[in-house]
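S.K.: fold the following and give me the result.
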Amino acid sequence: LSRMSLTNWLEKGSTHFCGLIAYLKNSCLEKDSIVNCDETWCRVKREGCYKKKYIWCLVNKLSKVVVYCYEDGSRGRDALKHILGDSQVKALQSDGYNVYMYLDDHMVDIEHLCCMAHARAKFKYAFEQGNDKDAAFILELIGELYRLERGYEEGKLSPEQIRLCRNNLKTKEIIIKLRSKLDALLSEHHPPRGELMEKALNYMNTFWTQLFAYLNDGSYSIDNSIAERFIRPLAGGIGENDPTTRELVCQGLEFMGIRFDFQLNKQVHGEDTLLSTPDSKVKVAVIATNEELVIASDTFRLTKKRSE
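M.R.: Just a heads-up that it's a prediction; the model follows:
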């Protein structure tokens, strides 16, 4: 089958999908909706070589719609601006990537929520790498907030009931403890601490309002995990080429018998390599992939089967 024929099929088929995609995007960004947003990088072949580009993911849980936007591979503010257009969504939840601050500065009618799981991960990293007791204290408080959320979910409470519970005395006491601890640790008289703990504290302090905006509405989520789950399958090559992602994935898995070679991990990019140490009971490896070859092989197999 010639390349021209495949191209023609794609071009003609795309005309039928354009209307559907527009409908789904409008449904996802309908007025007063709550949208979760995330982005990830991918490898795109341009002019004979691979370049790093980005894909955006929008999730409207209530409408059960997920939309992916390429925006010419951009991760900049203009891409987010174009995606949202003149939509009048009620709230958008994201991580702390600075492009989303555009929402706070220029789209004040959209309530911006940040992801508590990201804040928790930073303190978890500070505790595991530096054994910081203050990080452990903050993690326990965040854990209490998550336990409350699980209780609301298991109890199948309505959004209004959840809002009331989130603003009761018990929740307020947890948040007051958290804020007091944060202020004490950020005071100029506090002794120096590790770099990871410093980053975690600054993250929580900078995005404090957005992190706790979930208290304002029972339909809001405490974190952005739903968008991350939907975009994770598209993060092609991220485990193969990104040492930081591999390290974060394997942290805290020692109870499973995993022993990870952190130094070797930093040196590996897109090569078949065993990253676990010799005494690890579970093997951890980087397996290089060739998505283009798999797609081409499947296409050849299917077209050949149809021609027969």
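
S.K.: could I get the CA-only coordinates of the helix or strand encompassing Cys165 as CSV?
M.R.: Assigned by DSSP states H and E, Cys165 belongs to helix 159-166. Only the C-alpha atoms of helix 159-166 are listed here, as CSV (Å, rounded to 0.1, in the frame of the first residue of the first chain):
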residue,chain,number,x,y,z
PRO,A,159,-21.6,17.5,46.7
GLU,A,160,-23.3,19.8,49.1
GLN,A,161,-22.8,17.4,52.0
ILE,A,162,-19.1,17.1,51.0
ARG,A,163,-18.8,20.9,51.0
LEU,A,164,-20.2,21.1,54.5
CYS,A,165,-17.9,18.4,55.8
ARG,A,166,-14.9,20.0,54.2
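
S.K.: pull the residues that contact it.
M.R.: Leu148, Tyr152, Leu157, Thr171, Tyr214, Leu215, Asn216, Asp217, Gly218, Ser219 (C-beta atoms under 8 Å, 6 or more residues apart in numbering). (Glycine included, C-beta is placed from N, CA and C.)

S.K.: switch to 7 Å and redo it
M.R.: Residues from elsewhere that reach helix 159-166, judged by C-beta atoms under 7 Å, 6 or more residues apart in numbering: Tyr152, Leu157, Leu215, Asp217, Gly218, Ser219.

S.K.: swap in stretch 57-69?
M.R.: Identification of contacts with stretch 57-69 by C-beta under 7 Å, 6+ apart yields 24-25, 27-28, 30, 33-39, 55-56, 83, 226-227, 230-231, 234.

S.K.: any idea how far apart the tips of it sit?
M.R.: Taking C-alpha to C-alpha, to the nearest Å, stretch 57-69 runs 6 Å from one end to the other.

S.K.: also stretch 65-74?
M.R.: With C-alpha to C-alpha as the measure, the first residue of stretch 65-74 is 22 Å from its last.

S.K.: re the thing from before, can I get the contacts of helix 159-166 in a markdown table with pLDDT, distance to Phe260 and secondary structure?
M.R.: Below are the contacts of helix 159-166 laid out as a markdown table (pLDDT from 0 to 100; distance: C-beta to C-beta, whole Å; DSSP: H, G, I helix; E, B strand; the rest coil):
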| residue | pLDDT | distance to Phe260 | secondary structure |
| --- | --- | --- | --- |
| Tyr152 | 94 | 36 | helix |
| Leu157 | 95 | 40 | coil |
| Leu215 | 97 | 37 | helix |
| Asp217 | 96 | 40 | coil |
| Gly218 | 95 | 40 | coil |
| Ser219 | 95 | 39 | coil |
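
S.K.: from these, which two are the most distant?
M.R.: Between any two of the contacts of helix 159-166, the greatest separation by C-beta to C-beta is 14.5 Å, found for Leu157 and Leu215.

S.K.: which one's more surrounded, these two?
M.R.: Taking other C-beta atoms under 10 Å, Leu157 and Leu215 do not tie; Leu215 has more neighbours (19 against 15).

S.K.: got the CA positions of stretch 76-91 in PDB?
M.R.: Provided in PDB are the C-alpha atoms of stretch 76-91 (Å, rounded to 0.1, in the frame of the first residue of the first chain):
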ATOM      1  CA  GLY A  76       3.300  27.800  26.300                       C
ATOM      2  CA  ARG A  77       0.600  30.200  27.600                       C
ATOM      3  CA  ASP A  78      -0.700  30.800  24.100                       C
ATOM      4  CA  ALA A  79      -1.500  27.100  23.700                       C
ATOM      5  CA  LEU A  80      -3.600  27.100  26.900                       C
ATOM      6  CA  LYS A  81      -5.200  30.400  25.900                       C
ATOM      7  CA  HIS A  82      -6.200  28.900  22.500                       C
ATOM      8  CA  ILE A  83      -7.500  25.700  24.100                       C
ATOM      9  CA  LEU A  84      -9.800  27.500  26.500                       C
ATOM     10  CA  GLY A  85     -10.800  30.100  24.000                       C
ATOM     11  CA  ASP A  86     -13.800  32.000  25.300                       C
ATOM     12  CA  SER A  87     -15.200  29.100  27.300                       C
ATOM     13  CA  GLN A  88     -16.800  29.900  30.600                       C
ATOM     14  CA  VAL A  89     -15.900  26.900  32.700                       C
ATOM     15  CA  LYS A  90     -16.400  27.200  36.400                       C
ATOM     16  CA  ALA A  91     -13.100  25.800  37.500                       C
END
